[in-house]
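>>> Could you work out the structure for the sequence below:
(one chain, ligands or ions: 1)
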Amino acid sequence: MNTAFGYIRRSSYKQLENNSVELQKARIKEFAERKGLIVPDEFIFIEDATSAFSKRASQRKELMRLKHRMLESNIPHVIFSEISRMDRTAYTFVQDFYLPLSKHMPDLAVYTTDADHPWDPSDPKVQLALLLFRQESEIKSERALGCLMSDLENETVKRPGSAIPYGYDQKNKQLVPNCAADVVTFIFFLHSWGISINKIASTLNEAAIPSPNGGTWRTSTIENILKNPAYTGQIVWEVRKGKKKDTYTFDHSHEALVDRFLLHLIDTNLKLQKEYGRLETPFLFLNKLVCQQCHSALETQNGSTKRNGKKYVYQDYVCKGCGYKLEMNEVHSSLLPRVLRHVQDMTVSEQVKERTVQYLATVEQALEEAISNCESDLDKLDRKGCIAREQNDREFAFLVMDEQKRVLHLKSSYEHSQDVLADLHEAIQSDMFFTRFDHLLESQLDNAETRLIVLYFVDEIQVAPQRPAQIIFQENPLQHLVASPNG
Ligand SMILES: [Zn+2]
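Here you go, the predicted model:
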């Protein structure tokens, strides 16, 4: 009979301590017997719950001692009681425990008492389980990525929508940009400037550029291109686990046609439209004008009449409270040059650039704090969850799980903001953001483009009849792009 090691996590709940350790021991021994293995008491390592949960594997004393003993004794068998023993830190378990051992022990067999076959981290199912447990930062490890990528390349996992995206050819299973790549970039560029999908489609049709299937462009074609993550160099891997669908995203898997910064602008444009109304309107200052007298927002009025067969259009901004109208074109011709001049001056100013970088740094710091608060909350909840399970208090356990879900969600939204922030930082450093506004004054701007500039840079404009308007500019045009968790 072969000898094996055992690994047990000691309950943090004192009264159940012996019971729990004894139970786990019994489970391990029973399992060993079935496998024709023997586990002497002194071969069983017992870890304290507090360290088994929140710490990465290399910081777990007993686990590392176990690793050394296995190497010394050259005994490659070890039995863990249940997979849950390594759940939250499963990823580090592979990195710090499994892989170093498997290097020296080709016969390494890590069992868990709830599975018949030895645990295998290269099994796609196990990899998925690992991914589920860990947040993105750790998935980014080269090795884990390498494994997953080779799986993708071997096509053991099917990529959804594996049709080759327009703008790319496939060579040796890699996506390579082709001559339509510029069209893709152009579409994203136009949309980031607020140009509607409709208008993009008609622009491409007018230019006689053939659509992906060789015909005319439809709005749905444009929509699908704008939605396809492949264009930022990502591969998205969807995995069904029962009824649940999980999505994993891997960056830089092929050459990007679109900078992620443009996607953030497009997202922001959508957000701004929700808040201030549509971009394609003749009323460029829609929801941005406030009455100096009664402080209410001005409304818009769009009317037309026919006289002697001729059509007359009346377009006005109106204060319903005070009962006055401001003619739209007059408002625009007096305000727009001032706005555009300000934007152009602002975006070439080194001072503004510095201030923007500072702003990003403040947000970054706030995000880091918020994330670390989430992490400490999660650790606390883990401990509460342990206690709940050990006391068999289902109601409490569910409450804890709900709270865990909430905090995890919050944390991942902060992590998303961190990604956005990193992209913005790059866009500022590479001048991608500020050079967007060069030559504004000489350019023929579309209504949507002009309105977008107003929404980015103008906080509000205070107006009244027979009085000069007061324009209040945003302190920071990036405010809309990334919000600080402190508000
Ligand atoms: Zn008023």
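>>> drop to CA atoms for contacts and neighbour counts, all remaining ones
Noted.
>>> Whichever residue of the stretch 151-300 of the chain sits closest to the ion and V331: what is the separation?
Closest to the ion within the stretch 151-300 of the chain is C294: 4.1 Å, counting by C-alpha to the ion. C294 sits 19 Å away from V331, going by C-alpha to C-alpha, to the nearest Å.
>>> got it, and Q293?
Distance from Q293 to V331, by C-alpha to C-alpha: 17 Å.
>>> And these two? Which one has more around it.
Neighbours per residue (other C-alpha atoms under 10 Å) separate Q293 from V331, with V331 holding more: 17 against 13.
>>> what packs against the helix or strand the more buried one falls within?
Secondary structure from DSSP states H and E places V331 in helix 328-348. Judged by 3 or more C-alpha pairs under 8 Å, 6 or more residues apart in numbering; DSSP states H and E, helix 328-348 is in contact with strand 310-319.
>>> got the CA positions of the strand it packs on in CSV?
Only the C-alpha atoms of strand 310-319 are listed here, as CSV (Å, rounded to 0.1, in the frame of the first residue of the first chain):
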residue,chain,number,x,y,z
LYS,A,310,-43.5,79.4,-48.3
LYS,A,311,-42.6,77.5,-45.2
TYR,A,312,-41.4,79.4,-42.1
VAL,A,313,-39.6,77.6,-39.3
TYR,A,314,-39.7,78.9,-35.8
GLN,A,315,-37.2,77.4,-33.4
ASP,A,316,-36.9,78.9,-29.9
TYR,A,317,-35.6,78.3,-26.5
VAL,A,318,-38.4,79.2,-24.1
CYS,A,319,-38.6,80.0,-20.4
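>>> let's number from 401 now, not from 1
That works, and once the first residue is 401, the last one we named lands at strand 710-719.
>>> angle of that strand against helix 728-748?
Strand 710-719 and helix 728-748 are oriented at 60 degrees to each other (axes from the mean of the first three to the mean of the last three C-alpha atoms, to 10 degrees).
>>> in its sheet, what does strand 710-719 sit against?
Applying DSSP bridges to the sheet, strand 710-719 is found paired with strand 699-707 (antiparallel), strand 724-727 (antiparallel).
>>> Alpha carbons only: can I get the shortest one in CSV?
It stands for strand 724-727. Taking C-alpha atoms only, strand 724-727 is exported to CSV below (Å, rounded to 0.1, in the frame of the first residue of the first chain):
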residue,chain,number,x,y,z
TYR,A,724,-39.9,84.8,-22.9
LYS,A,725,-38.4,83.2,-26.0
LEU,A,726,-34.9,83.3,-27.4
GLU,A,727,-34.5,82.6,-31.1
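>>> Spell out which residues of the stretch 651-800 of the chain are next to the ion.
Taking C-alpha under 5 Å from the ion, the part of the stretch 651-800 of the chain that reaches the ion is made up of 691, 693-694, 719, 721-722.
>>> Just put those in CSV and tack on pLDDT.
Output for these, formatted as CSV (pLDDT from 0 to 100):
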residue, pLDDT
C691, 96
Q693, 94
C694, 95
C719, 96
G721, 93
C722, 95
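>>> If you rank these by neighbours, which is first?
Ranking those using other C-alpha under 10 Å puts C719 first, with 24 neighbours.
>>> ok, now which ones touch it?
C719 sits next to 691, 696-699, 725 when contact means C-alpha atoms under 8 Å, 6 or more residues apart in numbering.
>>> how much space is there between it and N729?
16 Å.
>>> pLDDT score assigned to L672?
On pLDDT, L672 comes in at 92.
>>> Could you list the low-pLDDT ranges of the stretch 551-700 of the chain?
551-562, 637-652 (pLDDT under 70).
>>> where's the residue nearest to the spatial centre of the chain relative to the ion, distance?
Centroid-nearest residue in the chain: H816, 3.8 Å away (criterion: C-alpha atoms, centre = their mean). For H816, the distance to the ion equals 41 Å [C-alpha to the ion, to the nearest Å].
>>> Tell me the predicted confidence for that residue.
Value listed for H816 in the pLDDT field: 85.
>>> What residues sit buried inside whatever helix or strand it lives in?
Here H816, judged by DSSP H and E, is contained in helix 794-829. For helix 794-829, burial by neighbour count (16 or more other C-alpha atoms under 10 Å) applies to 796-797, 800-801, 804, 807-808, 811, 814-815, 817-818, 820-821, 823-825, 827-828.
>>> Over to stretch 865-876?
869, 871, 873-874, 876.
>>> Need the mean per-residue confidence for it.
So the average pLDDT for stretch 865-876 ends up being 90.
>>> isn't S611 right up against W617?
Yes. Contact criterion C-alpha atoms under 8 Å: S611 and W617 qualify, at 5.2 Å.
>>> neighbour-wise, which of these two wins?
Higher neighbour count among S611 and W617: W617, with 22 against 18, using other C-alpha under 10 Å.
>>> Noted, bye for now.
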